[in-house]
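Chemist: okay, predicted coordinates and the sequence, questions at the end:
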Amino acid sequence: MPRTRTRLDGIRFAFGTLTVLPVHVSRWDREAARAGMLAAPLAGLVVGLCAAAAGGLALLLGAGPLLAAVASAAVPAVLTRGLHLDGLADTADGLGSGKPAEDALRIMKQSDIGPFGVITLLFVLLAQVAALYELYGEGWAYGAVAAALGGTVARAALTLASRASVPAARPEGLGAVVAGTVPGRAALGVGALVGCAAAGAGALFGPYGALRHVLAVLMALVVAEALLRRCVRRFGGVTGDVFGAVAETAATVVLVVLTLG
């Protein structure tokens, strides 16, 4: 029973912190955070399915693939109140500032967005919409699977970013709550599970589809890991903003890779 309760607390933690869905988070301790970050891909799957539904609805109403792509890209932003996009912009400003870690972290906490953040947001959103446009152009199923996978992989990257070897850059904030909570093997297991799920979804389009979707997940997690390591070296650890940047990076890469080949 205690283990079941912890899992439920973790699911509530994942949905309550990673989405705007009306979920009451009853526990904020490290145990709940660990369970929550292990359940993060589940929250991502729900976000991704909502994005896929929005794109499908747009097509059903007679819109073309471009508007369907915009709808699918907009839904994750709405369901997170733009939290991950804001983190991406703040992280870009911190990395681009060229200042010492303490000053860079202070820049990231400011409410305004600098030029590095604006440029990064622009190109990331353009890449997401362009990739989804191409995929919806191939057929509704291609775009829908990609949208669902993007949301899931983005949160799987958060699970990996929460592993025990990654420190927090600040002693406070969401980053400090979840940083280092997930055992390394468990984080890798979640990544492998998402890869298997991607292969199953990709198999709908044939053997090559399964391989392409697995490679897309792998590339997304590798690029997200590279960004994570860069941030840890630059800031001394992770913050909530870094988690947002990692999630958006993984989502963008998986969509772009799915358009290749």
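Modeler: Cool, the structure landed.

Chemist: so who does Ala187 touch?
Modeler: By CB atoms under 8 Å, 6 or more residues apart in numbering, Ala187 lies in contact with Thr159, Leu160, Ser162, Arg163. C-beta coordinates here come from the backbone N, C-alpha and C atoms, glycine included.

Chemist: can I get those in TSV including pLDDT and distance to Val214?
Modeler: Shown next, in TSV, are these (pLDDT from 0 to 100; distance: CB to CB, whole Å):
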residue	pLDDT	distance to Val214
Thr159	97	17
Leu160	97	16
Ser162	96	23
Arg163	95	21
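
Chemist: which one of these is nearest to Val223?
Modeler: The nearest member of those to Val223, counting by CB to CB, is Leu160 at 11.9 Å.

Chemist: quickly note the distance from the residue nearest to Ala169 when sequence neighbours are not counted to Arg170.
Modeler: With CB to CB, 6 or more residues apart in numbering as the criterion, Ala169 has its nearest non-adjacent residue at 3.5 Å, and that residue is Gly237. Separation of Gly237 from Arg170 (CB to CB, to the nearest Å) stands at 8 Å.

Chemist: equivalent analysis for Ala245, please.
Modeler: Counting by CB to CB, the gap from Ala245 to Arg170 is 15 Å.

Chemist: those two: which is more packed in?
Modeler: Using other CB atoms under 10 Å, the more surrounded residue of Ala245 and Arg170 is Ala245, with 33 against 17.

Chemist: okay but that one is in contact with Asp86, surely?
Modeler: No: in this structure, Ala245 is not within contact of Asp86 by CB atoms under 8 Å, at 9.7 Å.

Chemist: now do the contacts for Leu158.
Modeler: Leu18, Met37, Ala40, Phe243, Val246, Ala247.

Chemist: in a strand, the second one, correct?
Modeler: Right, the one you point to is Met37. No: counting by DSSP: H, G, I helix; E, B strand; the rest coil, one finds Met37 to be helix, located in no strand.

Chemist: run a quick neighbour tally on it.
Modeler: Counted with other CB under 10 Å, Met37 comes out at 30.
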